[in-house]
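Chemist: here is my input; please provide its structure:
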Amino acid sequence: MKLKLKRTGPNKRYRFKGYKTIKQAARTRMFERQRQLLYQYIFLIILVIAVVVACIVLKPWDKIRDILTVFGIL
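Modeler: Model prediction:
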């Protein structure tokens, strides 16, 4: 039967390979999160611009009005 050694100190925190301290790893993760959030905002802005341009070019307002009158909403 094997004996398991019990830790007497604080729990060991996960550290990323290649970083000296936990603070350095946490800082890198924070920058990655900020970059990902920036990419999401940029994607959302591009999507909104694409929808606006599509509405301007295709001019779907008459078709939408016709569909709504068919269903009796207008």
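Chemist: buried residues, the longest helix seen in the chain. List them.
Modeler: The single longest helix within the chain, with elements called by DSSP state H, is helix 22-58. By 16 or more other Cβ atoms under 10 Å, the buried positions in helix 22-58 come out as residue 25. Where you see a C-beta, it was placed from the backbone N, CA and C, and this is true even at glycine.
Chemist: and the angle from the following helix or strand past it to helix 22-58?
Modeler: As assigned by DSSP states H and E, the chain's next helix or strand after helix 22-58 is helix 61-70. Following axes from the mean of the first three to the mean of the last three Cα atoms, to 10 degrees, one obtains 80 degrees for the angle between helix 61-70 and helix 22-58.
Chemist: helices or strands up against helix 61-70?
Modeler: For helix 61-70, there is no helix or strand it packs on, judged by 3 or more Cβ pairs under 8 Å, 6 or more residues apart in numbering; DSSP states H and E.
Chemist: next, the buried residues of it.
Modeler: So for helix 61-70, nothing qualifies as buried (16+ other Cβ under 10 Å).
Chemist: how about residues contacting that helix?
Modeler: Helix 61-70 is touched from outside by residue 74, with contacts defined as Cβ atoms under 8 Å, 6 or more residues apart in numbering.
Chemist: and that helix, how far out from the chain's middle?
Modeler: Centre-to-centre, helix 61-70 and its host chain are 35 Å apart (Cα atoms, centre = their mean, to the nearest Å).
Chemist: and for stretch 58-70?
Modeler: That offset, for stretch 58-70, works out to 34 Å (Cα atoms, centre = their mean).
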